[in-house]
Each structure stands twice: as C-alpha cells, then as structure tokens.
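Chemist: below is the sequence, then the predicted model.
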Amino acid sequence: MDPHIARFRQWALAEGWSYLVLLFIAMPLKYLAEWPWGVKAVGWAHGILFIGYWVTAVPLFTKLRWDPERLVGLGAASLLPFGTFVMERKWLR
C-alpha cells in the first residue's frame, strides 16, 4: 500500500471515530447531563483530526493524481456520520 494512502487512512479512521464520539457521547452528555466540558474537549480533538484529515488528503490529489471528483467524496465522507468508514472501505483498502 502506498504510504500516502496508509497515512490518510489512519487520519480518516481517527477523524471518523472522533466525530462519532462527539455526536453520540459528548453531545448527549452536554444536553442530558449538563456537562459541556466533553463537547469542548472532544470538539477540539475532532477539529485537529479534521484538519489532519485534509492535510493528509492533499498528496492523494497532487502526488497520486486522484480524480477531482473524489475530492467531493472525501468532503462528503468527512461531514456524514460513518462516512469516513464507508470511504475507507471503498477507496483505501
């Protein structure tokens, strides 16, 4: 496997997990248990992973010359819950 794909795959999975934790654990804790600190901590972590996701995606388009259409797919995958996991199985394995 190409090292650019392997690195991006790791970031994509980490970003996907952080998004799920944010949506399904931290957000309910904020509103149901009145514990906003979880959203702040997980939100920061997710934001850093989101930036890393896009930084590691750049070589896929510059060095590996992926189609620009996949850029839209990567964008959609990063915004939809479970999207990075579907994208990882479809394009990165």
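Modeler: Perfect, I can see it now. Numbers count the residues shown, from 1 in each chain.

Chemist: residue contacts, residue 63?
Modeler: residue 4 (C-beta atoms under 8 Å, 6 or more residues apart in numbering). In short, each C-beta sits where N, CA and C put it, glycine included.

Chemist: how far away is it from residue 71?
Modeler: Per C-beta to C-beta, to the nearest Å, residue 63 is found 15 Å from residue 71.

Chemist: read off the pLDDT value for residue 93.
Modeler: Note on residue 93: pLDDT of 68.

Chemist: the residue most central in space within the chain sits in which helix or strand?
Modeler: The centre of the chain sits closest to residue 15, judged by C-alpha atoms, centre = their mean, with a distance of 3.1 Å. Counting by DSSP states H and E, the secondary-structure element that holds residue 15 is helix 3-21.

Chemist: what's in contact with the very next helix or strand once past that helix?
Modeler: Downstream of helix 3-21, the first helix or strand assigned by DSSP H and E is helix 27-32. Contact with helix 27-32 is made by 35, 36, 38, 39, as judged by C-beta under 8 Å, 6+ apart.

Chemist: run the last query once more with 10 Å
Modeler: Surrounding helix 27-32, the residues in contact under the criterion C-beta atoms under 10 Å, 6 or more residues apart in numbering are 21, 22, 35, 36, 37, 38, 39, 40, 42, 43.
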